[in-house]
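*Asks:* the following comprises the amino acid sequence and a computationally predicted model.
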Amino acid sequence: MRVHFIAIGGAAMHNLALALHLKGEIVTGSDDEIFNPSKSRLEKYGLLPRLFGWFPEKITQDIDAIVLGMHAKEDNPELLKAQELGLKIYSYPEFLYEQSKYKTRVVIGGSHGKTTITSMILHVLHYHNKNVDYMVGAQLEGFDVMVKLTRDNDFIILEGDEYLSSPIDRRPKFHLYKPNIALLSGIAWDHINVFPTFENYVDQFKIFVDSVVKGGSITYNIEDEIVKEVVESSQNTIRKFPYKTPSYQLTNGITILDTPDGELPLSIFGKHNLSNMEGARWICLQMGIGEEDFYEAIASFQGASKRLEKIAETKNAVAYKDFAHSPSKVKATTQAVKDQFPDRKLIACLELHTYSSLTPQFLKQYKGTLNAADVAVVFYSPHAVKIKKLQPITSQQIAEAFQRTDLHIFTNPKEFQDFLFSQSFKDASLLLMSSGNYGGLDFEAIKKRMG
């Protein structure tokens with residue numbers, strides 16, 4: 001099979017390209033710019049385009065499938081040529097479905113937690129040498145690529161993203177997978193640029209639940225009232241398995257899980273992660289992994305990449321980097337670190353970086369999200385607001401949104417870093433939450449400062 005990727009350099013796209021190459025298919029691709037790690041990984045397997053840019057002459061009649069990435073535009077020259085030739089054009093999720101329509105599809109959906117839950121399931125299966133196909137959005141220890149496709153494996157685990165499929169297919173990705181086994185972890189309004197109202201956003205999850213194949217199952221977080229309502233009101237003829245946060249305690253900074261076979265120390269922490277773990281347990285049970293085997297494996301799970309990633313630690317201080325940016329994730333992550341180290345000062349920093357977080361009407365969703373922090377800091381770049389073509393936001397709007405009179409707000413990267421380095425890290429926890437990098441924050445310098 002010959003497959004050509006338009007916008008091969010994306011995080012998801014390049015992983016799919018590598019998976020197909022490793023499966024033995026003929027893979028080509030184009031992009032106007034490619035950054036690391038995608039660039040070096042494509043180069044390693046001989047898939048890096050010789051020249052960057054769009055070349056309609058690459059699109060020929062003998063191509064079996066075009067996979068179109070979100071980075072491409074509707075008037076992309078290669079896309080126009082493919083349409084002119086009548087070639088089969090797939091979005092990323094459409095192509096994944098096509099590759100897995102004869103497998104048992106396990107789809108993990110939700111506004112938050114889906115990467116962690118998918119990672120937990122894969123960790124447990126990997127621990128017990130159970131081979132499955134998969135697609136996950138974070139780099140995992142012990143896994144070379146983040147998409148795996150084979151001809152033989154019975155199961156495929158898919159992280160179900162609610163973002164759009166392609167420039168010419170405006171359906172959310174997770175509507176296209178038709179799961180046999182599904183999970184819904186939580187619903188908290190996100191992607192305001194695509195789903196302008198909360199009701200419109202919730203509707204996407206209703207469609208997801210209704211897309212589960214007849215006789216399949218949905219495992220859902222009963223502690224989330226919106227999830228509960230969405231799942232329990234669905235008329236789809238599927239089995240419904242509710243889950244909730246299991247019983248646990250914190251002892252000397254270690255999270256101890258209560259299991260039927262006694263207490264189990266874990267490497268992860270935070271109520272939201274314990275909830276994620278319980279969802280993963282239910283999915284693993286449906287995939288043939290017994291309870292004892294699940295607990296044995298999960299004890300060594302260290303966490304998904306960029307999710308509460310420890311970057312420095314001393315005898316009396318610790319620093320974490322986290323991908324959290326949506327209000328629900330920010331609140332859960334901040335609370336988790338405070339609960340883990342209740343006697344330490346918590347310095348929590350949030351970069352407003354995404355389209356939603358930089359939109360004035362969405363900012364109020366952040367009310368109270370940093371309340372667990374002793375020192376609360378927000379950084380944003382007016383330049384990023386301009387690039388995204390959004391209306392300007394002011395420090396006053398941010399202060400009013402977070403409802404904290406002592407909130408520290410920065411727009412200048414150097415001033416932010418100077419403030420950070422002026423803090424005493426003795427008996428402190430530092431939490432840096434962002435999908436960006438605070439305008440070039442020197443993370444190595446933080447490690448040295450804490451040491």
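*Replies:* The structure has been received and is ready for your questions.

*Asks:* can you report how many residues neighbour the closest residue to residue 188 other than its chain neighbours?
*Replies:* Of all residues not flanking residue 188 in the chain, residue 328 sits nearest, at 3.6 Å (Cβ to Cβ, 6 or more residues apart in numbering). In this view, the C-beta of every residue, glycine as well, is placed from N, C-alpha and C. By other Cβ atoms under 10 Å, 21 other residues sit near residue 328.

*Asks:* cool, and residue 391?
*Replies:* Applying other Cβ under 10 Å, we find 9 other residues in the vicinity of residue 391.

*Asks:* state which strand of this structure is the longest.
*Replies:* If you go by DSSP state E, the chain has its longest strand at strand 345-352.

*Asks:* now for that one, which elements pack on it?
*Replies:* Contacts of strand 345-352 with other secondary structure elements, assessed using 3 or more Cβ pairs under 8 Å, 6 or more residues apart in numbering; DSSP states H and E, are made with helix 327-340, strand 375-380, helix 413-422, strand 428-433.

*Asks:* is it possible to get TSV of those that adds mean pLDDT?
*Replies:* Compiled in TSV, those are given as follows (pLDDT from 0 to 100):
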stretch	mean pLDDT
helix 327-340	93
strand 375-380	95
helix 413-422	93
strand 428-433	96
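
*Asks:* reformat these as JSON lines; add distance to residue 357.
*Replies:* Shown next, in JSON lines, are the helices and strands packed on strand 345-352 (distance: least, Cβ to Cβ, whole Å):
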{"stretch": "helix 327-340", "distance to residue 357": "8"}
{"stretch": "strand 375-380", "distance to residue 357": "8"}
{"stretch": "helix 413-422", "distance to residue 357": "16"}
{"stretch": "strand 428-433", "distance to residue 357": "11"}
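
*Asks:* so residue 304 touches residue 117, yeah?
*Replies:* No - with contact taken as Cβ atoms under 8 Å, residue 304 and residue 117 are classed as non-touching, separated by 9.1 Å.

*Asks:* the more surrounded of these two?
*Replies:* Regarding residue 304 and residue 117, a neighbour count based on other Cβ under 10 Å identifies residue 117 as having more, with 31 against 28.

*Asks:* isn't there a helix covering that one?
*Replies:* Yes - secondary structure assignment (DSSP: H, G, I helix; E, B strand; the rest coil) places residue 117 inside a helix.

*Asks:* report the contact partners of it.
*Replies:* With Cβ atoms under 8 Å, 6 or more residues apart in numbering as the criterion, the residues that contact residue 117 are 108, 110, 183, 185, 276, 279-280, 283.

*Asks:* can you rerun that using 10 Å?
*Replies:* Residues counted as contacts of residue 117 (Cβ atoms under 10 Å, 6 or more residues apart in numbering) are 108-110, 136, 157, 159, 183, 185, 219, 221, 273, 275-283, 304.
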